[in-house]
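J.: The amino acid sequence is not available; the structure is as follows:
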């Protein structure tokens with residue numbers, strides 16, 4: 001007949017269980033306090049991407065300590081386990097080189113902060129909205145709603161264009177007019193349209209320059225500044241408005257022409 005567990009052993013097991021429960025209760029409290037108090041100011045001062053990265057580092061660190069304390073309470077030899085993990089880490093060290101490189105690159109991205117969560121960016125030719133900047137990778141949602149994950153090492157080595165960094169952006173439209181038309185009149189018509197439209201900024205001042213005497217037309221470069229949030233709609237409005245105003249004033253936007261000389 002099996003012996004029943006002794007009272008002292010039962011009490012000891014209950015103490016261990018209560019100790020483990022206390023550990024994880026403390027972990028939950030600590031993580032919540034860090035997020036609600038310590039990291040709140042970090043989010044406001046340094047942006048969402050810094051907040052998320054520091055949040056993950058602290059959370060993972062606290063959970064790691066909690067796991068070690070739990071194993072120790074359950075009687076696991078931590079020193080032997082760490083030694084075994086050390087040998088294992090040597091075996092997988094070469095395989096983890098890429099992850100370590102991505103982790104270090106993520107830290108540099110955190111320090112340099114070339115973009116934040118929600119920014120529209122171009123990273124090495126990949127364009128989209130930044131969803132998150134994690135420890136190993138940066139995640140984007142493209143404008144046609146495709147999810148893309150880019151390793152942080154690749155991000156750090158790539159040319160980065162941040163379309164949301166500044167509050168205003170410049171729009172340039174190339175407009176070709178006929179050689180028979182008055183260039184000064186065309187400039188005046190276009191400028192009047194720009195100044196009458198509230199979507200275009202008065203400062204920096206809009207500019208209209210003769211860019212090129214092309215084969216079939218005199219090409220004008222029309223440059224205006226708009227608020228970043230109005231960029232897409234303003235670009236369409238500018239091109240359509242110029243076309244309509246030139247038509248109203250009898251200024252021709254010529255078709256490409258090719259003159260062929262036939263010899264005798």
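T.: Ah, there it is. Computed from a predicted model, the values in this text were never measured in an experiment.

J.: Show me the shaky parts of the stretch 1-150 of the chain.
T.: Within the stretch 1-150 of the chain, the stretches with pLDDT under 70 are 1-13, 35-53, 73, 75-97.

J.: For it, which segments count as helices?
T.: Using DSSP state H, counting those that start in this stretch, the helices of the stretch 1-150 of the chain run over 7-33, 39-46, 48-73, 78-92, 97-112.

J.: Looks like residue 159 contacts residue 124 (just checking).
T.: Yes - using CB atoms under 8 Å, residue 159 is in contact with residue 124, at 6.2 Å. In this view, the C-beta of every residue, glycine as well, is placed from N, C-alpha and C.

J.: Domain-wise, how is this structure divided?
T.: Annotated domains of the chain cover 7-92, 114-162, 168-248 [automatic domain parsing].

J.: I'd like those domains laid out as TSV, including mean neighbour count and distance to residue 98.
T.: TSV is the format used below for the domains of the chain (neighbours: other CB atoms under 10 Å; distance: least, CB to CB, whole Å):
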stretch	mean neighbour count	distance to residue 98
domain 7-92	13	12
domain 114-162	16	7
domain 168-248	15	36
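
J.: Distance to residue 104 added to these, as TSV?
T.: Compiled in TSV, these are given as follows (distance: least, CB to CB, whole Å):
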stretch	distance to residue 104
domain 7-92	13
domain 114-162	8
domain 168-248	32
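
J.: out of those, nearest to residue 101?
T.: With CB to CB as the measure, domain 114-162 is the member of the domains of the chain nearest residue 101 (4.8 Å).
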